[in-house]
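Sequence and computational prediction follow.
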Amino acid sequence: MDFNIFMYLTYGVLAIVGALGLLIAKHPLRGAMGLLVTMLALAGMYAQLHAHTIAVFQVIIYAGAIMVLIIYFIMLLDIQSQDYIKRFAPLFWLGAPVVAVIVGIFLYKLMQILGSSAGVMSRLSNAPALQSSESYGGMKAFSTSLLTTYTFAFEYVSTLLFAAIVAVIAIVQLDWKGQGHA
Amino acid sequence: MSELFFDPAFLLGELGLAALIVVLTLADAFRKPLYQLFNGTTQLSELEYRNRQAGWLTGIGFVIVAALFIYTNKLTGGEPAILLHNSLKAGGGLLIGKLVILIAGILTLLLSIRYTSIESIPGIDYYLLLCFSLLGALTLIAAENFIMLFLALEMMSIPIYAMVGLKRYNPRSDESAIKYLLLGGFSSGFLLLGISFLYGATGSLVISDVLTSLSFPTIELATPQALFGALGLIFLFIGLAFKVSLVPFHAWTPDVYEGAATPITAFMSVAVKLSAFAVILKIFAGSTSFGGFDSILVGMLGFFALITVMYGNSVAIVQTNVKRMLAYSSIAHAGYMALAIAPMTHTVDAAKAVLFYGIGYVAMNMLAFGVLIYLTRQNHYCETLDDLKGVARKFPGAAAMMTIAMFSLAGIPPAVGFVGKIQIFMQLINAHMYITAVIALLFSFVALYFYINVLVVMYMKEPDTDKTIESSHQFPVWVAMAASALLIILLGILPTPLLNWSQQWASILF
C-alpha cells in the first residue's frame, strides 16, 4: 500500500473515532478533546489531498482558535449539572435505529458498487486528488482562485460578517436608554 | 465558461441596497446631533425619534432601490446575463422576483413602523437587519453557483435569527430565536453536506454544470458518481425544506412564528419562503431532468408535500392562537406549492404555478398579519381567537380586511388564492396524480373550517371587554393592508398579468 493512501485512511479512521468520542463522552472536556482529534485528523486528510492551505487553516483556526473558545465555554459551564452530563434523550433510541438503517443501506449500496476491498484500493490509488501535484492547493493557487473565480463570494462574505456583527449587537443590547421592559 | 463579466448596470438595485445599509449605519452614528437639530420643539423620546428616522430612511431607500431595479431593466434591455465567474444571474425575468421580494420588504416596513415603537424594539437594528435579509433574499434567487447559494441563504437567515429575538424582554421571543438559530444551523449543515457530495460527484460548483453532469440513466444508481449525486440532491432538498418548512422539517415553524415580532413573522412567511422555493425550483424543477432518479424524487416530493398539506391543515384546526394557526397554515401552503412540482415534469408551467402561488401568498399573508398588527396595542398582543372576539363591531374595516385574507388563504373565489390553487391542481391532474389531487383538495375543505372560524369569532361573538385602540400612527399599516387587499382582489379577478409575470420569472430558471 502506498504511504499516502495509508496515511489518508489512518486519518479517516481517527476522524471517525474522534467524532464518536465527542458523541459518547460524558465529561464535556473529553468531548472537546474528541472534537480536537477530529479536527486534527481532518487537517491531516486535507494535507494528504494536497490542499495544504486548507490544512493550515484547519489547524490554526479550528484546532487553535475555535477549540480555545469551546474550552473557555466549558470552563464557564457548571459541569456538575445533570443537564450536561446526561447523554442521549429517550427519543435518541427511537431515531438512532432509523439513521443506522439508512446509513446501512447506503454503505451496502456503496460496497456493491465498489466491489471488493481490492477494488476500493485500486480506486484510491487512481484517485486524482491523492496524486501529487505541485500547483494544487498551495497558498498561491488558493489566493488566485479566491481573487478571480470567487471574487464576488469573497466580497459578499465581508457583507455577511457585517450583517452578523449587526445581528449580535442588536441581540446583545438589552434595553435602550431605559426604554426596555427589563 | 468562467469569465469575469461584470457590468454594474446589472446590479444597480443590489448596490443601492448595500448603499442604503451604509447610510442607515452612518445616520444612526450621527443620531445625537440630528436629534437635537430636528427635535427642538416636539417632545419625542429618543427611541421614538430613532425609530422614525430609521423608518423613514429605510422607506425612502426601498423606493429608490425599486426604481433602480426598473432602471436596470431599461439599461440592460431586459436580457439576462451571468455575472462574475458564474456568481450571479441578473436581468430578464429575475426582475419580477426581485421586485416581489422588495415589495414584501416594503410591506414589512409599513407594518413595522408603529409596531417597533409600541414594542420598544430599537428600530435602527431592526431595519438594518431587514435590509441585510432582503439583500440575502435578492442574491439567493439570483445565485448561479453553490457557494453564492449558501452565502446568500446565510445572509438571508442570520439577520432573521436576530430579528426573531429582538423582543428581548419576552421569554417566548428568546426561546424561538434560540430554536430557530439551532435548527437553522442544523439545516445549513445538511445543505453544505449536500453541496459537498454534489461537488464530489461532479467536480463543479456551478449549479447548471452540476445539474447537467448529473445523469441517472436508471434508478439503480450503479456508479459512485450517481450514488453521491443522488445523496447530495437529497441532502440539498432537506436543507431547503427546512427553510420552507415542509413536514417533517417543520418543527421550528409554530414556535418561531408565535415568538417573533409579528411583522417579522409576516416577512419570514413570505419572503424567505418564496426565495427558498425559487431555489428549489431552480435545482429540482428546472429544465434538467434527473433521468431515472426523477421517479424517486416524484415519490419523495409527493410524499413530503402531501403529508405537509395533511399535517398543516389538521393541526391548524385545534389552534387557539391566531399566529400559531397562521404558522400551521403556512406549513400547509408550503405543501401545496411543493405539490405543484411533485410530478417532476420539468416544465415552465409547473414552476409558474409555484411562483404564482408564492406571489399571491405574499399579498394574503401580509394582509392577515397586517390585521393582527393593526389590532395590537401597548402591552396587549392581539394573538388569540379570544382577542378577536367581536372585533367587527369596533373595527369593521379591519374585520373586512381579515375576511379578504381568510377567503384568499382558503382559496375561495374571487381571491387570488383560488387561482393559485387551480394552477397547482392543474399540475397534478395533468400528471395523472388523481389520488394526490383529491386528498389535497379534501384537506383544502378542512382548511376552510379554521379560516372561516376566525371570521365567525370576529363577526358573531360578543366582545369580552371594552377594547380601545390608539388611532395614531396607523396610517402605514392601513396603506399596507389596503395595498395587499387590492392586490388579492385585482389579481384574483384578472390573474393574467400575474400569470405572465410568474411565467417570465419561471422561464429564467430554465
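It's in. All values reported here derive from a predicted model rather than from experimental measurement.

Show me where chain B dips below the pLDDT cut-off.
Chain B contains residues with pLDDT under 70 at B:1-4, B:38-43, B:379, B:465-473.

what's the spacing between the nearest residue to B:Ile307 once chain neighbours are set aside and B:Gly312?
Spatially, and ignoring its direct neighbours in sequence, B:Ile307 is nearest to B:Val247 (5.0 Å; CB to CB, 6 or more residues apart in numbering or on different chains). Heads up, the C-betas are built off the backbone N, CA and C, glycines and all. The gap separating B:Val247 from B:Gly312 is 7 Å, by CB to CB, to the nearest Å.

Which one's more surrounded, those two?
Ranked by neighbour count (other CB atoms under 10 Å in any protein chain shown), B:Val247 and B:Gly312 place B:Gly312 first, with 27 against 23.

buried set for the helix or strand where the more buried one lies?
Using DSSP states H and E, B:Gly312 maps to helix B:293-317. Under the neighbour-count criterion of 16 or more other CB atoms under 10 Å in any protein chain shown, helix B:293-317 has B:293-294, B:296-298, B:300-302, B:304-306, B:308-313, B:315-316 buried.

Give me the three-state assignment for the residue nearest to B:Ile307.
Classification of B:Val247 using DSSP: H, G, I helix; E, B strand; the rest coil returns coil.

packing partners for the next helix-or-strand element following the helix holding B:Gly312?
Beyond helix B:293-317 in the direction of the C-terminus, DSSP H and E gives the next helix or strand as helix B:322-341. Helices and strands touching helix B:322-341, by 3 or more CB pairs under 8 Å, 6 or more residues apart in numbering or on different chains; DSSP states H and E, are helix B:224-244, helix B:253-259, helix B:262-267, helix B:273-284, helix B:293-317, helix B:348-375, helix B:416-430, helix B:434-460.

my read: B:Lys273 touches B:Ile359, true?
No - at 11.3 Å, B:Lys273 does not count as touching B:Ile359 under the criterion of CB atoms under 8 Å.

follow-up on the earlier one: so for B:Val247 and B:Gly312, which residues contact both of them?
B:Ile331, B:Gly335 (CB atoms under 8 Å, 6 or more residues apart in numbering or on different chains).

What about A:Phe73, how many residues nearby?
11.

and the stretch of helix or strand it belongs to, anywhere near chain B?
In this structure, A:Phe73 sits in helix A:67-76 according to DSSP H and E. No - judged by CB under 8 Å from any CB of the partner chain, helix A:67-76 stays clear of chain B, getting no closer than 15.2 Å.

helices or strands next to that helix in the packing?
In this structure, helix A:67-76 makes packing contacts with helix A:28-48, judged by 3+ CB pairs under 8 Å, 6+ apart.

Identify the residues contacting the helix it packs on?
Identification of contacts with helix A:28-48 by CB under 8 Å, 6+ apart yields A:4, A:7-8, A:11-12, A:14-15, A:17-23, A:25, A:52, A:54-56, A:58-59, A:62-63, A:67, A:70-71, A:74, A:77, A:79, A:84, A:130.

buried set for the helix or strand that that helix is followed by?
Going down the chain from helix A:28-48, the next helix or strand is helix A:52-57, by DSSP H and E. Residues of helix A:52-57 classed as buried by neighbour count (16+ other CB under 10 Å): A:His52, A:Thr53, A:Ile54, A:Ala55.

just these now: which is nearest A:Gly95?
A:Ile54 (32.3 Å; CB to CB).

Nearest spatial neighbour of the closest one, chain-adjacent residues omitted?
Setting aside the residues directly before and after it, A:Ile54 is nearest to A:Tyr46 in space (CB to CB, 6+ apart), at 4.7 Å.

So what's the residue count around that neighbour?
20.

swap in B:Leu37?
9.

Name all residues that make contact with it.
So B:Leu37 contacts nothing (CB under 8 Å, 6+ apart).

at 10 Å instead, please
B:Phe30 (CB atoms under 10 Å, 6 or more residues apart in numbering or on different chains).

Dump the host helix or strand of it to CSV, keeping only the CA atoms.
Using DSSP H and E, B:Leu37 maps to helix B:31-38. The C-alpha coordinates for helix B:31-38 follow below in CSV (Å, rounded to 0.1, in the frame of the first residue of the first chain):
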residue,chain,number,x,y,z
ARG,B,31,-28.3,60.5,15.6
LYS,B,32,-27.4,62.7,18.6
PRO,B,33,-26.8,65.9,16.7
LEU,B,34,-29.6,65.1,14.2
TYR,B,35,-31.9,64.5,17.2
GLN,B,36,-31.1,67.9,18.6
LEU,B,37,-31.4,69.5,15.2
PHE,B,38,-34.8,68.2,14.2
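
about what we covered before: any chance you could list residues touching both of B:Lys273 and B:Ile359?
By CB under 10 Å, 6+ apart, the residues touching both B:Lys273 and B:Ile359 are B:Ala104.

Those two: who's more crowded?
Under the neighbour definition other CB under 10 Å, B:Lys273 and B:Ile359 were set side by side, and B:Ile359 has more, 26 against 22.

Just to check, that one is in contact with B:Val416?
Yes - using CB atoms under 10 Å, B:Ile359 is in contact with B:Val416, at 8.5 Å.

Give me the common contacts of these two.
B:Leu487, B:Leu491, B:Leu498.

among those residues, which are in helices?
B:Leu487, B:Leu491, B:Leu498 (DSSP state H).

ok, of those, which one's closest to chain A?
B:Leu487 (29.7 Å; CB to the nearest CB).

wait, that closest one sits on B:Gly360?
Yes - the pair B:Leu487 / B:Gly360 is scored as a contact, 8.2 Å apart, by CB under 10 Å.

Geometric centre of chain A: which residue is closest?
Against the mean C-alpha coordinate of chain A, by CA atoms, centre = their mean, the closest residue is A:Met39 at 6.0 Å.

which SSE is the residue of the stretch 1-150 of chain B found nearest chain A in?
Nearest residue of the stretch 1-150 of chain B to chain A, counting by CB to the nearest CB: B:Asp125, 3.5 Å away. In this structure, B:Asp125 sits in helix B:123-140 according to DSSP H and E.

Just confirm yes or no for the following helix or strand past that helix near chain A.
Once the chain leaves helix B:123-140, the next helix or strand it forms, by DSSP H and E, is helix B:146-164. Yes - between helix B:146-164 and chain A, judged by CB under 10 Å from any CB of the partner chain, the touching residues are B:147-148, B:150-152, B:154-164.
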